[in-house]
Every structure is written in C-alpha cells, then in structure tokens.
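Asker: pasting the sequence and the predicted model now:
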Amino acid sequence: MIDKTCEPLTRALAGIEDGMTVLVGGFGDAGVPTRLLGGVAALGLRNLTVVSNNCGTGELGVALLFKHGCVSRVLASFPTQVGNHHFRRAYEGGGLDVEIVPQGTLVERLHAGAAGLGGVVTRTGVGTVLGTGKPVVVVDSETCLLERPIRGDVALVRAHLADRGGNLRYRRSSRNFNPLMAMAATLTVAEVDEVVGAGELDPDDIHTAGVFVDRIVRHGGGA
C-alpha cells in the first residue's frame, strides 16, 4: 500500500534547491504551510521564485523566506500588508523582483499551468502598468492580455486531513489556493493536521487527489 507520510522534515523537503519556483498555498494566514516554510527557510536556500497570494506576516510562513534572504523574485496579488516587515525590508533593500498579479489572474494562470494550457486571455490589466511588455490579443473586438501559465518546481500546501495515499481534505477557507497549487507543481508536499487510514475519507470529500501529492508531513511534528 502506498504511504506518502514523510519524516523528518528534512527528508520531506529533499530535492528543493536554489533557484527553484515554489508555489505556496494560503490566503492571509489561512491555509499556510508554516512548518514546511520554516523548514525551507532553515535550509538557507537562495534565489527562489515564490508564488503566493501574499508575502506573510510576523515571524511565520512566507515571511521567514524574506527574513533569511531566500527569495529573489515573487509573484503575488497582495505583497504588502500590516506586519510583513521582512518583505518590506527585502524589497526596499533592492535585489527583489516583485510581479503584481491580480488575484483572479493568479488563479487562472495556476489553473493553466496545472492543466497544461498555453495561457490565459483576460482584459484585466489592459492599459495599465501590469500589462507592460505582455502579449496582446484581440477577442471579439476586445483587447486582452495573454497571461502565461504558472508552474512550480515545488508546491507547499496545507490541508486538514490526509490519508496515507496523499488524498487531501481542506478545512473551510484554508482551501483557497492550495488545490490548484498542488496540481501545478512537479513536487507537492502537504502539511496536514491529521493522517487517517485508507478508506476513512469519503471520495466525495476529497478536494485534492493523492496522485497530485508526493509527500505528507504532520503540522505538529518537529524539525
């Protein structure tokens, strides 16, 4: 029987290297894989491209990647917010490339990456600084941007329940970006509250199929 549970944390994060693109689930503080992100920050990686709705707050989650100088590029919808001083310091210090991606566009670019599509056509951003340098197409007399798909080398996601085969169930608002990111990366590592036995998750209650998940760690585990 397949068992994707993986400890210690360093084993779960094996293969994550400098220069990779890392997709990070979460919306605000909901559904953020804080244990996994703490582990990545401790590896001392450099030149990561991070794709995340926001850039973390305080001393947890994505914020730690900026604190430890792991990130050279970030794609986010809301990079600045109260309490994310580590991102602000990294940005103001130079050397951090920031691409603002409207939230709906971010979702669809991830969807395109997961589905193997060539891109997303949208009117959002036309005639603004967000559209600078991007391909333009005309659809039904409307000028649109062609937004390229987003795929990651690694996705770090957070779920409530998993079985040992990697099937995931999220809890309420923590579902957010996590399911799409789990599908849009070469390697997906899930941080979960609880691992249940085979057959304990009703098939109708599975939000991410185990085929998209490579490794599982428990949220309350150690380093």
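Answerer: Looks like it arrived, so ask away.
Asker: residues near residue 102, how many?
Answerer: Counted with other Cβ atoms under 10 Å, residues neighbouring residue 102 total 16. Quick note: C-beta positions are derived from backbone N, CA and C, even for glycine.
Asker: give me the nearest residue to it, chain neighbours excluded.
Answerer: Spatial nearest neighbour of residue 102, chain neighbours left out: residue 124 (5.1 Å); criterion: Cβ to Cβ, 6 or more residues apart in numbering.
Asker: ok, the residue nearest to the spatial centre of the chain - contacts?
Answerer: The centroid of the chain falls nearest to residue 24 when counting by Cα atoms, centre = their mean (2.1 Å). Residues near residue 24 by Cβ atoms under 8 Å, 6 or more residues apart in numbering: 32, 33, 37, 50, 51, 52, 61, 62, 155, 156, 181.
Asker: quick check: closest non-adjacent residue to it.
Answerer: That would be residue 52: by Cβ to Cβ, 6+ apart, it lies 4.2 Å from residue 24.
Asker: got the phi and psi for that neighbour?
Answerer: phi -160, psi 150 (degrees, to the nearest 10).
Asker: let me know the pLDDT of it.
Answerer: At residue 52, the pLDDT value in this model is 98.
Asker: with residue 83 instead?
Answerer: Looking at residue 83, the pLDDT reads 86.
Asker: am I right that it is in contact with residue 57?
Answerer: Yes: in this structure, residue 83 is within contact of residue 57 by Cβ atoms under 8 Å, at 3.7 Å.
Asker: between the two, which one's more packed in?
Answerer: Per other Cβ under 10 Å, whichever of residue 83 and residue 57 has more neighbours is residue 57, with 19 against 13.
Asker: Three-state assignment for that one, please.
Answerer: On the three-state scheme (DSSP: H, G, I helix; E, B strand; the rest coil), residue 57 is labelled coil.
Asker: and it, what does it touch?
Answerer: 29, 63, 81, 82, 83, 84.
Asker: top of these by neighbour count?
Answerer: So for the contacts of residue 57 (other Cβ under 10 Å), the most neighbours sit at residue 63, 24 neighbours.
Asker: would you map the strands across the protein?
Answerer: 21-24, 48-51, 71-76, 97-100, 120-122, 136-139, 142-147, 152-163, 168-169, 185-196, 215-218 (DSSP state E).
Asker: what's the spacing between the second one and its chain's center?
Answerer: Spelled out, that is strand 48-51. Here the centre of strand 48-51 is set off from its chain's centre by 9 Å, with Cα atoms, centre = their mean, to the nearest Å.
Asker: from the contact counts, what lies against that strand?
Answerer: strand 21-24, helix 62-67, strand 71-76 (3 or more Cβ pairs under 8 Å, 6 or more residues apart in numbering; DSSP states H and E).
Asker: sheet partners, orientation included, of the shortest one?
Answerer: With DSSP bridges as the criterion, the sheet partners recorded for strand 21-24 are strand 48-51 (parallel), strand 152-163 (parallel).
Asker: can you lay out these as JSON lines showing mean neighbour count?
Answerer: Conversion of the strands paired with strand 21-24 to JSON lines gives the following (neighbours: other Cβ atoms under 10 Å):
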{"stretch": "strand 48-51", "mean neighbour count": "23"}
{"stretch": "strand 152-163", "mean neighbour count": "25"}
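Asker: thanks a lot, see you next time.
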